[in-house]
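**Q** next come a sequence and a model predicted from it.
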Amino acid sequence: MSQKPPPIKVSAEGIEAKPITMNEPEPAPAVDWRKVAALPSFQMFVAEKRPCPPEEDSQRWAYEFACRWIQELGQETLLERYVDWHEAKGYWPDETPFGELK
């Protein structure tokens, strides 16, 4: 006589509820640095900090600069300095530092 295999057990679990929190700070928004690096204003900001070599693409140079800066000093510092620089220049009065119309 052959033995039967053990029975298959199927179970279901519910969705874990998200805890309710109050007065907690919102996480910092994610920044698409590739998009920011494509902006002429950000490329100018980078060029003033570290000029792009003639053989390099300025957009790629700006993106790589942003990545290095974020690793060394943090995203918040880069954002703060870029936004301050953008406002101080005054070249783009109708745009945000991210190229959006005000």
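**A** On my side now, so go ahead.

**Q** give me every residue that touches the residue sitting nearest the centre point of the chain.
**A** Centroid-nearest residue in the chain, with CA atoms, centre = their mean: Val31, separated by 2.4 Å. Val31 is in contact with Gln75, Leu79, counting by CB atoms under 8 Å, 6 or more residues apart in numbering. Every C-beta, even on glycine, is put in place using the N, C-alpha and C of the backbone.

**Q** just for the protein, where's the confidence low?
**A** Flagging of the chain using pLDDT under 70 yields the residue ranges 1, 12, 14, 23-29.

**Q** now do the helices in it.
**A** Under the criterion DSSP state H, the chain carries helices at the ranges 33-37, 40-49, 58-73, 75-89.

**Q** and those: which comes nearest Phe98?
**A** Of all these, helix 33-37 sits nearest to Phe98, with 6.4 Å by CB to CB.

**Q** one step back: would CSV of the helices of the chain with distance to Glu100 and mean neighbour count be doable?
**A** Formatted as CSV, the helices of the chain follow (distance: least, CB to CB, whole Å; neighbours: other CB atoms under 10 Å):
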stretch, distance to Glu100, mean neighbour count
helix 33-37, 11, 17
helix 40-49, 12, 17
helix 58-73, 18, 16
helix 75-89, 12, 14
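
**Q** need the ones you listed in CSV (columns: distance to Lys4).
**A** What follows is those, written out as CSV (distance: least, CB to CB, whole Å):
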stretch, distance to Lys4
helix 33-37, 58
helix 40-49, 68
helix 58-73, 59
helix 75-89, 60
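
**Q** separation between the residue nearest to the centre of the chain and Gln71?
**A** In this view, Val31 and Gln71 are 14 Å apart by CB to CB, to the nearest Å.
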